[in-house]
Every structure is written in structure tokens, then in C-alpha cells.
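Asks: what's the 3D shape of this:
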Amino acid sequence: MPRATIRSPSIPTLSLTPEEEARVENEATALLNQTLQIEREFFANDGEVDEKHWKLVKNRDSFCIYKERHLEVDEQDESLYVESSGGSEGQSAAIDSDDIIASKKRAHVPMIVSTGHVEGSLDDAVFGFAAGDILSWRLRTIYMKDMFTDGKIVKTMHLPTEEEPLNYFCIKWFVTEFPAVVNAFVNPRDFLVAEAAGIKVDEQGKRFGYYIIHDYEHSTIGRLDEYGVCRCSMSMCFIVREVVPGMVHVFSRGFVDPRGDFKPSIAAAISARAMSALTKTVEASYSKKMVWLMGQQERERQEKQRRDRSLSPDLIHADTCAACAKSPGFLKAKLEACRLCRANYCSRCTVERSLVIDMSGPDVTKRTFTFCAGCVLKAKQLAPHEVAVEAVRQAQSCGDSTVVFPRASDASSVELYTLSSSHSSNSNSDR
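Replies: Predicted structure coming up:
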């Protein structure tokens with residue numbers, strides 16, 4: 001069947017009854033509470049994954065992702081961790097008949113769990129993946145390199161507010177594609193999910209961050225087989241806690257079912273990739289804060305020029321690096337100005353960051369800037385609350401619920417992202 005073009009404007013928004021809204025919110029709340037309970041039991045048993053039942057599939061520094069092993073029926077014991085000698089009978093039952101995630105999963109699709117540490121604060125971790133409005137969702141897609149090509153927020157139950165700019169709950173539809181070398185042979189996949197994120201306080205009075213993306217079904221948005229799009233399912237819940245200043249622990253479990261003819265090992269790899277994306281969330285927050293600081297600096301510069309029109313641009317001219325005091329020397333690279341403080345630095349004392357500077361139209365402009373170590377540290381230490389509040393205000397002025405997703409890319413100077421207008425042909429919707 002040839003692929004037809006499906007675009008988010010043709011996907012209807014959902015009008016849920018109070019009972020339907022309560023049902024999806026209650027299920028998300030139950031999923032969060034269940035994951036918190038599993039996390040507590042996991043750490044009560046020293047936080048060790050039982051490798052008899054779980055196989056390591058991916059690790060990055062101290063962040064590890066495991067998939068459940070398929071054992072013989074009479075050997076199956078889906079405990080997540082090795083039960084301590086003092087543990088009570090049945091305490092280690094991480095997966096049981098009441099498991100909300102498992103109830104959404106086909107039997108042959110492996111469950112995936114992750115555990116490990118990521119540098120950064122709790123607020124930065126949550127700010128990095130927060131996407132409760134169109135602008136934030138689009139920005140997250142770019143910084144975290146999600147393979148999304150189209151999407152729409154079809155229902156919003158709770159918008160981010162200026163009081164709680166990181167908390168939201170909505171239902172999203174989106175299409176994901178595979179890398180170009182695979183996409184010619186595999187159809188795009190679409191998802192309909194309930195998504196929630198934010199910061200809460202647990203029963204012990206400790207703050208934690210959460211991110212839920214949970215499979216959702218509604219007759220208004222059915223399967224799109226006739227368009228060559230295969231409906232998939234996924235369910236994941238992440239718990240983030242700041243264990244020491246500047247370091248968070250991430251615990252998650254869930255699955256992605258790509259449907260079609262994919263082997264369980266491929267499903268596990270796709271699930272692991274989705275979970276590992278959370279390791280990028282703090283860096284995404286840093287990038288958003290650096291753009292905000294650049295905007296603040298530009299506003300201050302314009303205000304100074306209005307007060308005194310004789311002022312010239314505030315570049316600081318020097319023949320030596322402002323950090324190490326060395327001169328560039330003959331045939332060496334010239335000193336470069338930090339985009340924030342405007343002082344000159346040598347290449348050893350600067351870093352480059354690729355930042356999104358404009359999303360006002362269908363194209364997204366991304367540019368690489370030079371920063372000194374001091375300004376990078378300033379951005380890292382900046383609390384994201386004020387930046388998140390400004391993002392909420394910007395989103396309130398943007399009434400659209402449709403996202404034009406950019407394609408992931410790694411350009412070095414200026415990038416323009418556009419959504420392609422067509423797909424390739426000759427495919428079957430269940431591949």
C-alpha cells in the first residue's frame with residue numbers, strides 16, 4: 001500500500017467527558033504511585049538489579065539500562081532486585097498481576113528498567129524534559145534529538161502555570177520515523193499517549209521529579225493504517241531525585257512496542273534508546289538557560305543604548321586571554337569573544353554550544369556560539385524557575401496545538417529545520 005500523507009491538522013482534538021478525564025488522570029496517578037513503591041523497594045534492597053532476571057543492554061557512565069530476560073515458564077520470577085536477607089516474602093514482586101505498565105504490554109515485548117546518576121539539579125532535570133505546551137515540546141525535540149516528524153497536543157488537562165511552570169498533564173499524538181537508511185523499508189509509527197511531568201513531594205517530605213508517558217486509546221483518534229502509519233504503544237515512568245547537590249538519580253521502567261514484525265531484541269533497543277534520552281535532559285536545561293541569559297543581556301544592552309546613544313557595542317578588546325592571560329601567538333587561532341560576558345578568550349578557555357535562537361516560524365534557527373567557562377558555570381547554577389515562567393508566558397501567547405517537528409541534525413553554524421512534505425512509497429503499514 002503506498003503511503004499517503006498524514007498531517008497533524010487532520011488529527012482532531014479530543015473532547016473528553018468528566019468521567020474520561022478522571023479515568024486517565026487516575027490511571028496516571030496510580031502508575032506514578034506504583035512506580036514510587038517499586039523504587040522504594042528497590043533501594044530498600046540496596047539498589048542492586050538481579051542480573052539473573054535482567055540483562056544489561058546499555059550503560060553510560062553510571063547510568064544503566066536493563067531488559068528482562070525470557071526464562072522458562074517454571075523459572076519465571078520477575079523480581080527487579082536481589083532480595084536482601086531481611087526482606088519479607090513477596091516484597092520483591094516488582095511485576096505482578098496489578099502492574100499498570102505490564103497490563104499494556106504484549107507478552108513477548110520485554111520490560112525495560114533503568115537506574116543511575118546524572119549530573120545536574122532536580123529542577124534542571126525536570127525543566128529539560130518538560131513539554132506541556134507546543135513551544136516547549138518543539139524545543140525538547142531539538143535538544144534531545146527525538147525522531148519525531150509530526151505531532152499534536154490533542155487534549156490538555158493541566159497546563160503549566162507561573163506558580164508551577166514544570167507541572168502539566170496532557171494527551172499527545174505524534175509520529176516517529178526511523179533513520180533514513182531504515183525508513184525506506186519500515187513505515188513510520190504513531191503514538192497516542194497521556195503525558196505528565198512535574199515536581200512533587202513524597203510521603204517522607206522529599207522532593208522528586210516525575211515523567212510519565214502512558215499508552216492511551218480513544219475512538220476519536222483511531223489507527224491510521226490507510227495512511228501507511230502503524231500505531232504503536234508505549235508506557236514509561238521516570239522518577240528523578242537529587243541525591244546530593246548537583247547530582248540526581250533516575251529510576252525508570254516501561255516499554256516501547258513498535259508493533260509489526262520487529263523482534264523483541266529490536267523492541268528492547270528502541271525502549272532503551274527512549275530511556276537513555278533522559279540523560280540529555282540536564283544539558284537541554286542548560287541550553288535553554290543560556291539562550292535566556294543571552295536574551296537578558298541583549299535587553300540590557302538595548303536599554304543602555306537608549307539611555308546613551310553614544311555607547312558603542314560592549315565588546316572588551318584585549319590582546320591576551322581573559323582567563324589564562326596568554327596571547328594567541330603567531331599563526332595561532334585568534335581570540336574569540338564570549339557571547340555573554342564579551343571578554344576575549346583563547347580556544348582552550350572556551351566551549352561551543354549549539355543553541356536554538358528562533359522558533360517563530362515553521363523553520364527553526366539553530367546557531368553555534370562561543371562561551372567562556374565562567375559564563376557556562378553561571379548558566380548551570382542559574383535556577384531554572386524564572387526561565388520556565390517566561391516559557392509559560394510565551395506559550396500562553398501561542399494558541400496553536402500543532403507542532404512542526406524539526407529533523408535531528410548536528411550542524412556547526414546555522415541550521416534550518418523543516419518538516420518534509422511527503423514520505424517514500426511502497427510500504428506496508430504493519431512493517
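Asks: In three-state terms, label Asp123 for me.
Replies: Secondary structure, DSSP: H, G, I helix; E, B strand; the rest coil: Asp123 is helix.
Asks: What's the separation between it and Arg207?
Replies: Distance of Asp123 to Arg207, computed by C-beta to C-beta, to the nearest Å: 9 Å. (C-beta placed from N, C-alpha, C; glycine too.)
Asks: What of Lys366?
Replies: 33 Å.
Asks: picking that back up, mind listing the shared neighbours of Asp123 and Arg207?
Replies: Counting by C-beta atoms under 8 Å, 6 or more residues apart in numbering, the contacts common to Asp123 and Arg207 are Ile199.
Asks: Compare those two (neighbour count), which wins?
Replies: When Asp123 and Arg207 are compared on other C-beta atoms under 10 Å, the one with more neighbours turns out to be Asp123, at 21 against 14.
Asks: In contact with that one: list those residues for me.
Replies: Residues near Asp123 by C-beta under 8 Å, 6+ apart: Leu166, Ile199, Ser285, Ala383, Pro384, His385.
Asks: Tell me how many other residues crowd the first one.
Replies: I take that to be Leu166. 24.
Asks: which SSE is it in?
Replies: Assessed by DSSP states H and E, Leu166 sits outside every helix and strand.
Asks: Any figure for the gap between it and Glu41?
Replies: With distances taken as C-beta to C-beta, Leu166 is found 27 Å from Glu41.
Asks: got the buried residues for stretch 339-359?
Replies: Of all the residues in stretch 339-359, those buried under the rule 16 or more other C-beta atoms under 10 Å are 339-346, 349-350, 353-356, 359.
Asks: what separates that stretch from the chain centre, distance-wise?
Replies: Put simply, stretch 339-359 sits 24 Å off its chain's centre (C-alpha atoms, centre = their mean, to the nearest Å).
Asks: Alpha carbons of that stretch, in CSV - could you do that?
Replies: Presented in CSV, the C-alpha positions along stretch 339-359 are these (Å, rounded to 0.1, in the frame of the first residue of the first chain):
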residue,chain,number,x,y,z
ARG,A,339,28.8,35.6,23.7
LEU,A,340,27.7,36.5,27.2
CYS,A,341,30.4,38.5,29.0
ARG,A,342,32.0,39.7,25.7
ALA,A,343,35.6,39.2,27.1
ASN,A,344,38.2,37.7,24.7
TYR,A,345,39.4,34.1,25.3
CYS,A,346,41.7,31.6,23.6
SER,A,347,40.3,28.4,22.2
ARG,A,348,41.5,26.4,25.3
CYS,A,349,39.4,28.5,27.6
THR,A,350,36.1,28.4,25.7
VAL,A,351,33.4,26.0,24.7
GLU,A,352,31.0,26.0,21.9
ARG,A,353,27.3,25.3,22.3
SER,A,354,24.7,24.9,19.6
LEU,A,355,21.6,26.8,20.6
VAL,A,356,18.1,27.3,19.3
ILE,A,357,17.6,31.1,18.8
ASP,A,358,14.4,31.3,16.8
MET,A,359,11.2,29.2,16.6
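Asks: coming back round to it: which of the contacts of Asp123 ranks first by neighbour count?
Replies: The residue in the contacts of Asp123 with the most neighbours, by other C-beta under 10 Å, is Ser285 (27 neighbours).
Asks: Give me the residue at the spatial middle of this structure.
Replies: Closest residue to the average C-alpha location of the chain: Phe129 at 4.0 Å, with C-alpha atoms, centre = their mean.
Asks: Surely it is in contact with Ala196?
Replies: No: using C-beta atoms under 8 Å, Phe129 is not in contact with Ala196; the gap is 11.4 Å.
Asks: overlap in contacts of the two?
Replies: Tyr211.
Asks: Dihedrals phi and psi, Ala197?
Replies: phi -150, psi 160 (degrees, to the nearest 10).
Asks: In terms of pLDDT, where does Ala277 sit?
Replies: Here the pLDDT value assigned to Ala277 is 87.
Asks: For it, list the residues it contacts.
Replies: With contact set as C-beta under 8 Å, 6+ apart, Ala277 has these partners: Met144, Lys145, Asp146.
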